[in-house]
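Chemist: Build me a structure from this.
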Amino acid sequence: MKVGIVTGEASGDLLGSELMTALRQLDHELQFVGVGGERMREQGLHALESIDRFSMNGFVEPLTRLPELLNLLQSLATRLADTDVMVGVDFNVFNLMLEKRLKALGTPTVHYVSPSVYAWRRNRIRKIERSADVLLTLFPFEPKYYENTGTKAVYVGHPLADRICPNRDRESERSSARAKLAIASTQTAIAVLPGSRTSEIRSHLDLFLRAAERVQSILSAARSFVFIVPCVSERRANLVKHGSRSFSHLDLRVVESDSIEVFAACDAALVKSGTSTLEALLMRIPMVVAYRTGPLTYSIVRSVLQTRWVALPNILTSRELVPEFLQQAATPESLAVALCQEIQSSEEDKKYFEEFDQLHETLRRNASARAAKAVLNLAGTP
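Modeler: You can find the predicted model right below:
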C-alpha cells in the first residue's frame with residue numbers, strides 16, 4: 001500500500017515521522033511518498049520535492065511566489081493521485097488545497113491537526129469538509145465542531161503529552177538540565193519565552209525583561225535569580241542578545257536550546273501565548289502568559305476571536321488556570337506580581353499541579369498509534 005504524506009514545516013516533519021513509525025508498526029510493507037524533512041526521510045519517505053521549497057518569510061514572499069506554489073500544488077496532486085490514502089500533516093493552507101484536489105480524484109484524504117476553528121474563522125470548517133475525509137484532532141473538545149459535516153473528526157491526543165512522560169524522574173532531569181545550563185542549585189531559574197518570530201521578540205522581549213526586573217526586586221531578599229531565554233537558532237539568539245543589551249544587571253542567559261530542556265531546569269516561566277504554554281504545563285512549570293500585537297491587528301483578531309482565553313491551558317479548562325494578560329493589561333508590573341504569586345503558590349500549595357497532571361493524562365493518548373489506525377481504517381486496512 002502506498003501512503004502519500006506531505007508537510008512543509010519542521011514541526012510537521014516531527015509529527016509526520018512519528019506517524020510513519022506508528023504506521024510501519026501496523027504494516028511493514030507500506031510505502032511512503034510525498035514531501036517532508038530529514039526525520040520523515042529517515043523513516044523511509046520517498047521525497048517528491050524538497051521541503052525547502054516551502055520555506056518563506058513574511059507576507060510578501062508567498063505572494064511573489066504564488067505561481068510557483070500553484071504549479072507545485074498541481075504537480076504534487078498529479079504525482080500523488082495513485083496513492084491509497086493521502087495524509088496532510090499540518091501546513092494547513094497548502095495541504096487542504098492538495099487534499100481537496102486528491103479527494104476529487106477519489107483518493108481518501110486525512111488532515112492531521114485541526115486548524116484552530118474553536119478560536120476563530122469557523123468558516124474554515126466547510127473548507128476542511130471539502131478537503132478531508134478524516135480529521136485528526138489534538139484536543140478533546142475539537143471533534144464537536146465537525147459534527148453534521150462530511151468530515152469524520154477523530155480525537156487522537158497530543159504528541160507532546162506522549163513525548164513528555166508524567167512519571168519521569170524529575171529531580172534527575174532537573175539536575176542534569178541545570179548542570180548543562182550552569183544554574184546553581186540555590187538559584188531560582190525563570191524561563192523567558194518571548195516568541196520565535198522577529199515581530200514577537202520585538203513585542204515581548206522588553207516587556208518580559210522589565211517584568212523580570214520587578215520579579216527580582218520583589219523577591220530578591222530571599223532568592224537569587226537567573227533568567228533563561230531559549231533560542232533554536234543563532235539568528236534568534238543574536239536578536240535576543242541585541243534586544244537585551246540594556247538589561248546587563250540581570251543574570252540573563254541566552255541559550256541555543258529547545259524550550260523543553262530549559263523548562264526542565266526552571267522554576268517558573270514568562271511565556272508568550274502559543275504552544276510553549278502547553279509545553280510548560282506538561283513540564284509542570286508555573287507560568288504567566290502574555291500576548292501583545294499592533295493595535296490594528298489586535299482589533300481585527302479580537303473581532304473574530306470566538307474564545308474567551310488565548311492560553312492553551314485556559315482554553316482546555318475553560319477557566320483561568322494560568323494568569324494571562326493581553327495588550328494594555330500586559331504590563332511589567334502585572335506580569336511580575338502574577339508570577340511572584342504563582343511561584344509562591346506552587347511552593348506552598350500541594351495541590352497546585354493537580355489540574356496540570358489531569359490535563360496531561362487527558363492529552364496522553366498514544367496519539368501517533370491512534371492516528372495510524374485512523375489512517376489505515378480509512379484506506380480500508382483494518
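Chemist: From here on, just use CA atoms for contacts and neighbour counts.
Modeler: Will do.
Chemist: centroid residue for this structure?
Modeler: The C-alpha lying nearest the average C-alpha coordinate of the chain belongs to T275 (C-alpha atoms, centre = their mean; 3.5 Å).
Chemist: looking at it, that one is touching L312, isn't it?
Modeler: Yes. Here T275 reaches L312: they are 7.4 Å apart, a contact under C-alpha atoms under 8 Å.
Chemist: ok, back up a step: where does the residue nearest to the centre of the chain land on pLDDT?
Modeler: Listed pLDDT for T275 reads 92.
Chemist: show me what contacts it?
Modeler: L312 (C-alpha atoms under 8 Å, 6 or more residues apart in numbering).
Chemist: Next, work out how far apart it and S259 are.
Modeler: Look at T275 and S259: by C-alpha to C-alpha, to the nearest Å, they are 10 Å apart.
Chemist: now E68
Modeler: Shown here: E68 relative to S259, a distance of 35 Å by C-alpha to C-alpha.
Chemist: which of these two has more neighbours?
Modeler: S259 (20 against 12; other C-alpha atoms under 10 Å).
Chemist: ok, now how distant is the more buried one from A367?
Modeler: With distances taken as C-alpha to C-alpha, S259 is found 21 Å from A367.
Chemist: Please apply the same query to L48.
Modeler: Look at L48 and A367: by C-alpha to C-alpha, they are 27 Å apart.
Chemist: In three-state terms, label D162 for me.
Modeler: Using DSSP: H, G, I helix; E, B strand; the rest coil as the criterion, the local structure at D162 reads helix.
Chemist: show me the contacts for it.
Modeler: Contacts for D162 (C-alpha under 8 Å, 6+ apart) come out as L363, R364, R365, N366, A367.
Chemist: Grab the longest helix from this structure for me.
Modeler: helix 198-219 (DSSP state H).
Chemist: Buried residues, the next helix-or-strand element following that one. List them.
Modeler: Counting by DSSP states H and E, the next helix or strand C-terminal to helix 198-219 is strand 224-231. In terms of neighbour count (16 or more other C-alpha atoms under 10 Å), strand 224-231 has its buried residues at F225, V226, F227, I228, V229, P230, C231.
Chemist: For those, which two are the farthest from each other?
Modeler: Based on C-alpha to C-alpha, the longest span within the buried residues of strand 224-231 runs between F225 and C231 and measures 19.7 Å.
Chemist: Surely G274 touches P313?
Modeler: No. Distance between G274 and P313: 10.1 Å, which falls outside the contact criterion (C-alpha under 8 Å).
Chemist: all strands for the protein, in order.
Modeler: Using DSSP state E, the strands of the chain run over 2-6, 31-35, 45-47, 85-89, 109-112, 134-137, 152-155, 187-193, 224-231, 252-256, 268-272, 287-291, 324-326.
Chemist: for these, which one sits closest to S203?
Modeler: Distances from S203 to each of the strands of the chain were compared using C-alpha to C-alpha; the minimum, 8.3 Å, belongs to strand 287-291.
Chemist: partners of the closest one, with directions?
Modeler: For strand 287-291, sheet partners with direction are given as strand 268-272 (parallel), strand 324-326 (parallel), following DSSP bridges.
Chemist: contact partners of that strand?
Modeler: 204, 268-273, 277, 280, 311, 322-327, 330, 335, 338-339, 342.
Chemist: And stretch 9-21, by the same measure?
Modeler: If you take C-alpha under 8 Å, 6+ apart as the criterion, stretch 9-21 is touched by 5, 7, 36-40, 43, 51, 54-55, 89-91, 159, 368-369, 371-372.
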